[in-house]
Each structure stands twice: as structure tokens, then as C-alpha cells.
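A.B. asks: Attaching a predicted model along with its sequence, questions to come.
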Amino acid sequence: MKKEDLDFFHSWFRNYVKPYYTGNDDVKLNLRLKEEHIHRVCRSIVELGKDLGLVEYKLQTAEIIALFHDIGRFEQLRRYKTLNDRCSINHAELSVEVVKETNVLERLEEEERAVILKSIRYHNAYKLPENELPDFLLYTKLLRDADKIDIWFIVADYYEKRQLHPNTALEFDLPDEPDCSSAIIDDIMNCRCTCRADIKTYNDMKLFQLSWIFDINFPASFHYIQEHNYIDKIINTLPDTSGVKKVRNHLNSYIDRNIKDNHTSRVLR
Ligand SMILES: [Fe+2]
């Protein structure tokens, strides 16, 4: 991978998405939301990679993975008019399909293509497979962190200002009821990511997104999350129940602990 490959992929991507901008304003808004998300994930995956001291070649590969990780979203919106995988298609698999069908990675070596496609495929999986090649695990973990950080950025702002511009695509048609599922609260209190299938209400969706903290991999991600206060911002839009209070304390101390542990291990190194 060379710098000119990176430029080629970015310009290819810009041309790929252009024809999708048809239809009503809501569709265009969600296309733009996804396109901007992809570009921010590209920037943040590079930042996380730099914090790990990755060499230029690996930073470029990570950036390409980020650039194509959600490319299937455009086709998903066109075909199914939704971003909800549960009632359409797994968008990570669709992204792999688009990358393969368009042959966009043709100029790369077979080995590079394989790791890029596999990282895209697993970016939204509940769990990563074990005993895999270190490069695949590194890129996929970087992508999963960068992706989650940006989704928190989007939803924290959206939940705060939702009354002004409701967007059904971000709410997945879930009922806006005051309930928070005790099974999801239980998952969080036991440091587990929640399964999508357990989401019953709009509040459950917020808790589900909060539970992603247990899948965060890198110290720089924890720092970024704390600095931007995403967790508290999302929790502030949940009902002020004792369960939610417990969740707030638990998540904040989990983040503190991860930051402190990393600081200690850096000092000891
Ligand atoms: Fe995605």
C-alpha cells in the first residue's frame, strides 16, 4: 500500500457515493450522516493507530478498512430504505459484497485484500473470533473502537436534541416507553455487551449502546470517551431511576479503572 493508493481509494469512494444522493430529504440526510461518519472513523482510526505507534503502512491499511467498513450502508438505504440490519441485511456483509463486486481493491496484494475484507466483515459482530492472525485482530479492534466512538458522538448529540429534529432511522422504530430492561442493566452491571435481540424500547437502545464500553480495546479510546463525556451525555437522557444511577456509577468507574491501569502499566514499563 502506498500513499497514492490511499488517495485513489478516497477519490473512488467520493465517486461511488455520489449517485446515491437521490430521493427525499430524509434519505439524503441519512446518506450524509453515514458519509460523514465514515470520514470521521477514518480520522479517528489513524489517531488510535498513531497512539499505538503503528508504522505508516499499517496506518494506511487501517484507514482503508475504515473507509470501506460501512460502504454497504448506501446500498442498504437504496434497497431497503432503512439502516436497521434486523429488518434488512447485515450491513457489514453487504459492505464486503460491494467491495468485492466493484473490485476496488484490485490494486492491492491478495493478503492485504483478505485482511481488509475480514476486518470489515467482523466490525459489527457481537464477538471477535479467537486465535486469529494478529494483524486481523489489531485492525478489527481499532475499527470497532473508532466506530463506537463516532456512534456515541452522533447519538449523544441526537438524544439531547431529538425533539428538534426526530430521525426515525436513528430510533429503529422502537417504542419510546419509560422502561429500561432489567436484563440489559444486569448485562452492564456484569460488564457484558448486550445482545441486540434484547432491545425492546428506545431506552434499551441507549443502554445497549452504553454496554459497548466493555468492547473497547485501547487506552486512547478510553481517554477520548472520558474527555468527551459521551457516557454521561447519553445517560442524562435516560430516566433518573436507581437502575440507571447504578449504571452511571458502574460505567464511569470502569472507564476510570481502565485509564488508571494503563497509566500504571505505562509508568512500570
Ligand atoms: Fe457499521
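C.D. replies: Okay, I see it.

A.B. asks: going forward, measure contacts and count neighbours with C-alpha atoms only.
C.D. replies: Noted.

A.B. asks: Give me the secondary structure label for residue 37.
C.D. replies: For residue 37, the reduced secondary structure class is helix; criterion used: DSSP: H, G, I helix; E, B strand; the rest coil.

A.B. asks: residues contacting the closest residue in space to it that isn't next to it in sequence?
C.D. replies: Nearest residue to residue 37, sequence neighbours excluded (C-alpha to C-alpha, 6 or more residues apart in numbering): residue 150, at 6.7 Å. Each residue near residue 150 by C-alpha atoms under 8 Å, 6 or more residues apart in numbering is listed here: 37, 40-41.

A.B. asks: Select from the residues you listed the one having the most neighbours.
C.D. replies: residue 41 (27 neighbours; other C-alpha atoms under 10 Å).

A.B. asks: In contact with it: list those residues for me.
C.D. replies: By C-alpha under 8 Å, 6+ apart, the residues touching residue 41 are 66-67, 143, 146-147, 150.

A.B. asks: farthest-separated two in those?
C.D. replies: 67 and 150 (13.5 Å; C-alpha to C-alpha).

A.B. asks: Please, where are all the helices along the stretch 1-150 of the chain?
C.D. replies: Ranges of helices in the stretch 1-150 of the chain, per DSSP state H, counting those that start in this stretch, are 3-17, 25-51, 56-68, 72-80, 91-102, 110-121, 134-161.

A.B. asks: what does the model give residue 160 for pLDDT?
C.D. replies: For residue 160, the model assigns a pLDDT of 89.

A.B. asks: if you skip the residues just before and after it, what's nearest to it?
C.D. replies: Nearest non-adjacent residue to residue 160, counting by C-alpha to C-alpha, 6+ apart: residue 237, 6.6 Å away.

A.B. asks: tally of neighbours for that neighbour?
C.D. replies: If you count neighbours by other C-alpha under 10 Å, residue 237 ends up with 14.

A.B. asks: got the contact list for the residue lying closest to residue 78 once chain neighbours are set aside?
C.D. replies: The shortest distance from residue 78 to any residue other than its chain neighbours is 7.4 Å, reached at residue 20 (C-alpha to C-alpha, 6+ apart). Residue 20 is in contact with 31, 74, 78, counting by C-alpha under 8 Å, 6+ apart.

A.B. asks: Report the separation between the last one and residue 257.
C.D. replies: With distances taken as C-alpha to C-alpha, to the nearest Å, residue 78 is found 43 Å from residue 257.

A.B. asks: which ones are touching the spatially closest residue to residue 38 that is not a sequence neighbour?
C.D. replies: Nearest non-adjacent residue to residue 38, counting by C-alpha to C-alpha, 6+ apart: residue 67, 5.9 Å away. Counting by C-alpha under 8 Å, 6+ apart, residue 67 touches 10, 13, 38-39, 41-42.

A.B. asks: Which of these are buried, as a ChimeraX select command?
C.D. replies: To isolate the buried members of the contacts of residue 67 in ChimeraX, using 16 or more other C-alpha atoms under 10 Å:
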select :10,13,38,41,42
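
A.B. asks: Mind listing residues that contact stretch 109-121?
C.D. replies: Outside stretch 109-121, the residues within contact range by C-alpha under 8 Å, 6+ apart are 61, 64-66, 68-70, 92-93, 95-96, 99, 105, 135-137, 139-140, 143.

A.B. asks: mind listing what's buried in that stretch?
C.D. replies: For stretch 109-121, by 16+ other C-alpha under 10 Å, it's 113, 115-121.

A.B. asks: before we move on, what about stretch 224-232?
C.D. replies: Neighbour-count burial for stretch 224-232 [16+ other C-alpha under 10 Å]: 225-226, 230-232.
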